[in-house]
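> coordinates for the following, if possible.
(one chain, ligands or ions: 2)
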Amino acid sequence: MVPLGLLGAGTEFSTIGYERATKSATQHATTRIKGQIVNKSRNLGNHQPANAHWIVQKFGGTSLGKFATTIAEDIVLAGLEEHRVAVVCSARSTKTKSEGTTNRLLRAAVDVLVADSRSCAEYVEAIRLDHVTIGQETIKNDSALERYIAHVDRECNRLLRMLESARLLKAVTDQTKDMIVSVGEKLSCLYMTTLLQTKGANAVCMDLSEIGDFSSTITLDTEFYRKIAYLIGAKINTLGHGVVPVITGFFGKIPGGLLAKIGRGYTDLCAALTAVALNARELQIWKEVDGIFTADPRKVPGARLLSTVTPAEAAELTFYGSEVVHPFTMEQAIRANIPIRIRNVVNTRSPGTIIYPNPSDIMSVESSSLFRSRSLSAAPRYQSQQPTAVTVKPQITVLNVHSKKRTRAHGFLASIFSILDQNGLSVDLISSSEVQISMAIHSEHALLALYGEDDLRIQSASLQRAISSLKAWGDVDLVPNLAIISLVGRQLRSMLGMSGRFFSTLGEHGINIEMISQGASEISIGCVIEEREADRALNVVHDHLFGLLD
Ligand SMILES: Nc1ncnc2c1ncn2[C@@H]1O[C@H](COP(=O)(O)OP(=O)(O)O)[C@@H](O)[C@H]1O
Ligand SMILES: N[C@@H](CC(=O)OP(=O)(O)O)C(=O)O
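Ligands and ions are numbered 1, 2, ... in the order given. Purely as a prediction, here's the structure:
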């Protein structure tokens, strides 16, 4: 039996597999699924001119979980009418990301060391069932479905063996965790490839989990990313004309591990590297919102869609809570001058938001000058007198260290940061005085989301270790259940009085400011407030600083 274009499905992604696959997919489209959604009037890529431009379409886990058929028909097949299309998939989520395949895989990777192997097997079975069920519901071709299910079973058995080995070795390294997580994107791509094939596209599944050997690489610098993009391009170039690569958003093996070094949301970065590799006309990141809004549209009913934002604004928004695009994505696209467009899978007619490449965003980071002008007259003046967006990052804990000495001992700050670094804690906002330092830490990694007797979150081992080391430098206390609210906008620097209005709006509405940090970023102002006030704060700031000036 010939595999349906599942390039190397199972374990090897060989050229032979691809050639057979391509032939099979074409046969399939023309003979087996007559009368199905193979729209004869559609150009599914085979008749495109050789110089047709590429577009890269990236789909997140929840979109694939809920709207796979729409994605296949209305987005990928529609895209093929004018362009060559490369599809990049994240792991499927059923309803929310927390119920998604990646989270299940991560829970299995943790449980393998603490629980009996049964609970891991249950996670794997839930993942298997989810992929089999969606296949049974949407793949309307019996033999394609049969082969797809066989592939899913094989991948899940391999996953079980990986988990079993980790249990025996009593160790889950960053690389092991990566191998476990990579299964999510493989399954997702196997499914999308089969679905696209049954709808007439000549789709081929492409696994990037072992795209290169980077054992000699130390830093993830420009050269490293250039190499990955080159390898992705070389792999896609082996495909024939009219073939649609369906690419795993997981790519490896990254030194230090993809999850550890890039973090969740790595699929956006993979899509950007694919766009660079193909010199794509556009990188499309498909979501379940029309694009980037002035505030989270699910929390602020009056939020407005932004037609464009700069890469620096998009990165800042993502870092401070509006998870629109992984922050590393922008740099790759800017370097290759590729626009990123955020679009909506459930409203394909919306033009979305474009993040135009703006080389000055890279240049300002790489500038050799030590001095930046802070004067208003030297700063560019923008017509608009309102920020671009307001965003909230929940699950923040403030860690205060009060120095024991009246004056700071030499090396005080260096020691504090090295202790945090040793314990894998990073700081989102910081404020300091002569004898005290306050640091806002994102609790997702720092604290377990469990509640103790006093309704305080129980500290995780890494935070506990950090606190006991910090005690050598002073008295330490923690303030949990906080959030960071930030204004973002490239114009902020030239808006006289904007910080005053931001803080006074919060104060006038009875929202207490726990900590202020300003000045480090040119394009954002942020402060820490109580988490339970976060949604109200978002709305009052939006009403007062965005609404009135329209
Ligand atoms: N300023 C913003 N503009 C657009 N979406 C935002 C903003 N801030 C937060 N969000 C949230 O980001 C999410 C992005 O869309 P979604 O498709 O859910 O993401 P993903 O692809 O990661 O699953 C939405 O849930 C939306 O509510
Ligand atoms: N599946 C991975 C990678 C990813 O990029 O996800 P998403 O595109 O759904 O944000 C994760 O959940 O982190």
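
> now do residue 64 against residue 105, distance only.
Here residue 64 is placed at a distance of 15 Å from residue 105 (CB to CB, to the nearest Å). Bear in mind the C-beta positions are built from the backbone N, C-alpha and C, glycine included.

> what's the answer for residue 282, then?
From residue 282 to residue 105 the distance is 31 Å (CB to CB).

> who has more neighbours, those two?
residue 105 (24 against 19; other CB atoms under 10 Å).

> helix/strand/coil for that one?
Here residue 105 is helix, with the state taken from DSSP: H, G, I helix; E, B strand; the rest coil.

> and it, what pLDDT?
We have a pLDDT of 94 for residue 105.

> show me what contacts it?
91, 123, 127, 159, 180, 181, 183, 184 (CB atoms under 8 Å, 6 or more residues apart in numbering).

> so which of those comes closest to residue 201?
Minimum distance to residue 201 across the contacts of residue 105 is 21.2 Å, recorded for residue 91 (CB to CB).

> name the SS class of the closest one, please.
Here residue 91 is recorded as coil under three-state DSSP.

> phi first, then psi, for it.
Taking degrees, to the nearest 10, you get phi -70, psi 150 for the backbone angles of residue 91.

> for it, which non-adjacent residue is closest in space?
For residue 91, ignoring the flanking residues on the chain, the nearest one in space by CB to CB, 6 or more residues apart in numbering is residue 184 at 2.7 Å.

> what's the answer for residue 123, then?
Nearest non-adjacent residue to residue 123, counting by CB to CB, 6+ apart: residue 108, 4.0 Å away.

> quick check: the one you found touching residue 177?
No: at 10.2 Å, residue 108 does not count as touching residue 177 under the criterion of CB atoms under 8 Å.

> okay, these two: which has more neighbours?
Between residue 108 and residue 177, residue 108 has the larger neighbour count (other CB under 10 Å), namely 28 against 19.

> who touches the more buried one in this structure?
119, 120, 123, 124, 163, 180 are the contacts of residue 108 under CB under 8 Å, 6+ apart.

> helices - which of the residues you listed land there?
119, 120, 123, 124, 163, 180 (DSSP state H).

> so the fourth one touches residue 156, yeah?
So the one you mean is residue 124. Yes: contact criterion CB under 8 Å: residue 124 and residue 156 qualify, at 5.4 Å.

> which parts of stretch 200-211 are buried?
Neighbour counts over stretch 200-211 (16 or more other CB atoms under 10 Å) mark 200, 201, 202, 203, 204, 205, 206, 207, 208, 209, 211 as buried.

> does the one helix or strand the fifth one maps to reach ligand 2?
When elements are defined using DSSP states H and E, residue 204 is found to belong to strand 203-208. No: shown here: strand 203-208 not in contact with ligand 2 (CB under 6 Å from any ligand atom), separated by at least 12.6 Å.

> strand partners (parallel or antiparallel) of that strand?
strand 244-251 (parallel) (DSSP bridges).

> for the strand it pairs with, buried residues please.
Buried residues in strand 244-251, defined by neighbour count with 16+ other CB under 10 Å: 244, 245, 246, 247, 248, 249, 250, 251.

> want to try TSV for the residues you listed, with pLDDT and distance to ligand 2 as columns?
Converted to TSV, those look like this (pLDDT from 0 to 100; distance: CB to the nearest ligand atom, whole Å):
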residue	pLDDT	distance to ligand 2
244	97	19
245	98	17
246	98	15
247	98	12
248	98	10
249	98	5
250	98	7
251	97	11
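
> ranges for the helices of the stretch 301-450 of the chain?
311-319, 327-335, 359-366, 412-422, 443-446 (DSSP state H, counting those that start in this stretch).

> out of these, which is the most enclosed?
For those, the largest average neighbour count (mean count of other CB atoms under 10 Å) is found in helix 311-319, namely a mean of 24.

> helices or strands up against it?
Counting contacts by 3 or more CB pairs under 8 Å, 6 or more residues apart in numbering; DSSP states H and E, helix 311-319 packs against helix 327-335, helix 359-366, strand 389-403, strand 474-488.

> so which of these gets nearest ligand 2?
Closest to ligand 2 of the helices and strands packed on helix 311-319, according to CB to the nearest ligand atom: helix 327-335, at 10.1 Å.

> kindly report the residues of the stretch 101-250 of the chain close to ligand 1.
Applying the criterion CB under 6 Å from any ligand atom, no portion of the stretch 101-250 of the chain neighbours ligand 1.

> could you measure from the residue of the stretch 101-250 of the chain found nearest ligand 2 over to ligand 1?
Across the stretch 101-250 of the chain, the shortest distance to ligand 2 (CB to the nearest ligand atom) belongs to residue 102, at 3.7 Å. For residue 102, the distance to ligand 1 equals 11 Å [CB to the nearest ligand atom, to the nearest Å].

> who's in contact with the residue lying closest to residue 315 once chain neighbours are set aside?
Leaving aside its chain neighbours, residue 315 sits nearest to residue 327 (4.3 Å; criterion: CB to CB, 6+ apart). By CB under 8 Å, 6+ apart, the residues touching residue 327 are 314, 315, 318, 319.

> rewinding a little: how about the helices of the stretch 301-450 of the chain in JSON lines, adding distance to ligand 2 and mean pLDDT?
Shown next, in JSON lines, are the helices of the stretch 301-450 of the chain (distance: least, CB to the nearest ligand atom, whole Å; pLDDT from 0 to 100):
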{"stretch": "helix 311-319", "distance to ligand 2": "11", "mean pLDDT": "90"}
{"stretch": "helix 327-335", "distance to ligand 2": "10", "mean pLDDT": "90"}
{"stretch": "helix 359-366", "distance to ligand 2": "22", "mean pLDDT": "53"}
{"stretch": "helix 412-422", "distance to ligand 2": "23", "mean pLDDT": "88"}
{"stretch": "helix 443-446", "distance to ligand 2": "12", "mean pLDDT": "52"}
